[in-house]
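**Student:** Mind looking at a prediction? Sequence and model below.
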Amino acid sequence: MSAELICVGTELLLGDILNSNAQYLAQEFAILGIPHYYQSVVGDNIGRVHQVIDQACQRSSILVFTGGLGPTPDDLTTEAIASYFNAPLIEDPDVLQDIKDKFNAMGRVMSPSNCKQALIPQGASVLPNPSGTAPGMIWQPRSNLTILTFPGVPSEMKRMWQETAVTFLKQLGWGQEIIYSRLMKFRGIGESALAEKVGDLLNLSNPTVAPYASLGEVKLRVSAKAPDETAALALIEPIALKIQEIAGLDYFGSDKDTLASVVGQLLREAKQTLSVAESCTGGGLGEMITTISGSSDYFYGGVISYDNRVKVALLDVNQQDLEQFGAVSHTVAQQMALGVKNKLKTDWGISITGIAGPGGGSEEKPVGLVYIGWATPESTTFASEYRLGQNRERETIRYISACLALDGLRRLLIEKLEKNVINSTLLL
């Protein structure tokens, strides 16, 4: 037995609306331990909805629909399901009264078109919608098939799922086991390279390990099926620890961890502070840092030194070095990092200077060339060159640059913390 999700709505196909319902329900299937192998998005067309149902019935025993339960002519999910199974639509008087009451409560008169929302296939049960006027249904048109429908409005769907659907599915026997996952995150290593390092673990059956990549980041999802979260974690933990040992510093966190949150925690542990000097990222690094609640504990601020005059006046960058090496260079990146550290009186300083494009590049310094500088508490400076690609979009180059800057600081902080631990041990 497995579940299949069918999202109905031409607006989803056009990209006008983000399909957040699919992500939410996929996570909920995992919580209940319901296998889930297929998702479909289909437009507002009865014939095409029938085709999707036909395929889904051949491979899944639970069909969950979202969208298409409104009062307008293009809302045809209920009609399409009923006609596929040759079931007449019956008006439910209790549902109709509930819709009228909701309109009255808002001081409005119900439109005749809303009567359509009170129709359900003969034999189906109403799945109540406490928040809106579009109820869903729970129906078992065949002995081996269960259908649940929900409106497309996420807040309504989520409440209906939690208050009614979860209880119903548990009565069917689901929820005895859960599928629990840990999402491990890595920087500084490619997907294929990481997959090769952990290759033996990719063939496990429970837990399973699956790699996938996102922008500038690689992830490994370690999933286990077990009676509860504690038992699942007992299966996941030894595998996750083994992966961490293999990956070393390339591993930076799991689940809700971000580079910014990890760096923030390391700064707190070290009782140190940070400031930033940005050119091509235009404040993106500072924004990334300040998305973390409480970042004011360790982040003092930054200077957006887009023009060279700002680099000289506010960051003490040497004018002659700017003229000789250019703003996009090792030496300027180092001076920017040290300059902001000194001006704002922080322990650490980070700088970013580069060519984000699409214009401004040359043969010697192409689009995508970025220098990142770091100034340590001892005022030692480092800078690294990155060539992020001439064909990448401007925002991609800016985002990756900010991530590289944070990841570099993360590695430096870990190195210093480990060195301090070793020195403390030697003193003992």
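**Tutor:** That came in fine, so what should we check first?

**Student:** next one: the worst-scoring helix or strand of the chain on mean pLDDT to chain centre, how far?
**Tutor:** When the helices and strands of the chain are compared on mean pLDDT, DSSP states H and E, helix 394-427 comes out lowest with a mean of 85. Going by CA atoms, centre = their mean, to the nearest Å, the spacing between the C-alpha centre of helix 394-427 and its chain's C-alpha centre is 23 Å.

**Student:** Check stretch 337-356 too.
**Tutor:** From the chain centre to the centre of stretch 337-356 is a distance of 29 Å (CA atoms, centre = their mean).

**Student:** Identify each buried residue in that stretch, please.
**Tutor:** Across stretch 337-356, burial judged by 16 or more other CB atoms under 10 Å covers 337-341, 343-344, 346-356. For the C-beta atoms, the positions are set from N, CA and C on the backbone; glycine is no exception.

**Student:** out of these, which are inside helices?
**Tutor:** In this view, the buried residues of stretch 337-356 that belong to helices under DSSP state H are 337-341, 343-344.

**Student:** With pLDDT as extra columns, can I get those in a markdown table?
**Tutor:** A markdown table is the format used below for those (pLDDT from 0 to 100):
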| residue | pLDDT |
| --- | --- |
| Ala337 | 98 |
| Leu338 | 98 |
| Gly339 | 98 |
| Val340 | 98 |
| Lys341 | 98 |
| Lys343 | 98 |
| Leu344 | 98 |
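
**Student:** Going by distance to Phe186, which of these wins?
**Tutor:** Within the set of those, Ala337 lies nearest Phe186; the separation is 25.3 Å, counting by CB to CB.

**Student:** need the contact list for that closest one.
**Tutor:** Residues in contact with Ala337, defined by CB atoms under 8 Å, 6 or more residues apart in numbering, are 277, 349-351, 373-375, 381, 383.

**Student:** Looking at the residues you listed, which is nearest Leu194?
**Tutor:** Distance to Leu194, by CB to CB, is smallest for Trp374 among the contacts of Ala337, at 24.9 Å.

**Student:** Okay, and the closest one sits in which element?
**Tutor:** With secondary structure defined by DSSP states H and E, Trp374 is part of strand 369-375.

**Student:** Give me the helices and strands touching the following helix or strand past that strand, please.
**Tutor:** Scanning forward in sequence from strand 369-375 by DSSP H and E, the next helix or strand is strand 381-387. Here strand 381-387 is seen to pack against helix 330-344, strand 369-375, helix 394-427 when contacts are counted using 3 or more CB pairs under 8 Å, 6 or more residues apart in numbering; DSSP states H and E.

**Student:** The second one relative to helix 394-427, how many degrees between them?
**Tutor:** The directions of strand 369-375 and helix 394-427 differ by 30 degrees, with axes from the mean of the first three to the mean of the last three CA atoms, to 10 degrees as the criterion.

**Student:** Report the distance from strand 369-375 to the chain centre.
**Tutor:** On the basis of CA atoms, centre = their mean, the separation between the geometric centre of strand 369-375 and that of its chain is 27 Å.

**Student:** Let's see that strand as PDB, backbone CA atoms only.
**Tutor:** Listed in PDB are the C-alpha atoms of strand 369-375, where the atom choice follows Å, rounded to 0.1, in the frame of the first residue of the first chain:
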ATOM      1  CA  LEU A 369      36.100  36.100 -10.300                       C
ATOM      2  CA  VAL A 370      35.800  36.700  -6.600                       C
ATOM      3  CA  TYR A 371      38.300  37.300  -3.800                       C
ATOM      4  CA  ILE A 372      37.300  36.700  -0.200                       C
ATOM      5  CA  GLY A 373      39.400  37.900   2.700                       C
ATOM      6  CA  TRP A 374      39.500  37.000   6.400                       C
ATOM      7  CA  ALA A 375      41.100  38.900   9.200                       C
END
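
**Student:** if we can go back for a sec, closest to Tyr298 among the ones in helices among the buried residues of stretch 337-356?
**Tutor:** The nearest member of those to Tyr298, counting by CB to CB, is Leu344 at 12.1 Å.

**Student:** For Leu409, see how far away the residue nearest to the closest one when sequence neighbours are not counted is.
**Tutor:** Closest residue in space to Leu344, ignoring its immediate chain neighbours: Ser275 at 3.9 Å, by CB to CB, 6 or more residues apart in numbering. Using CB to CB, to the nearest Å, one obtains 12 Å as the distance from Ser275 to Leu409.

**Student:** what touches both of those two?
**Tutor:** Counting by CB under 8 Å, 6+ apart, the residues touching both Ser275 and Leu409 are 348, 350.

**Student:** Give me the more crowded residue out of the two.
**Tutor:** The neighbour count for Ser275 versus Leu409, taken as other CB atoms under 10 Å, is higher for Ser275 (26 against 23).
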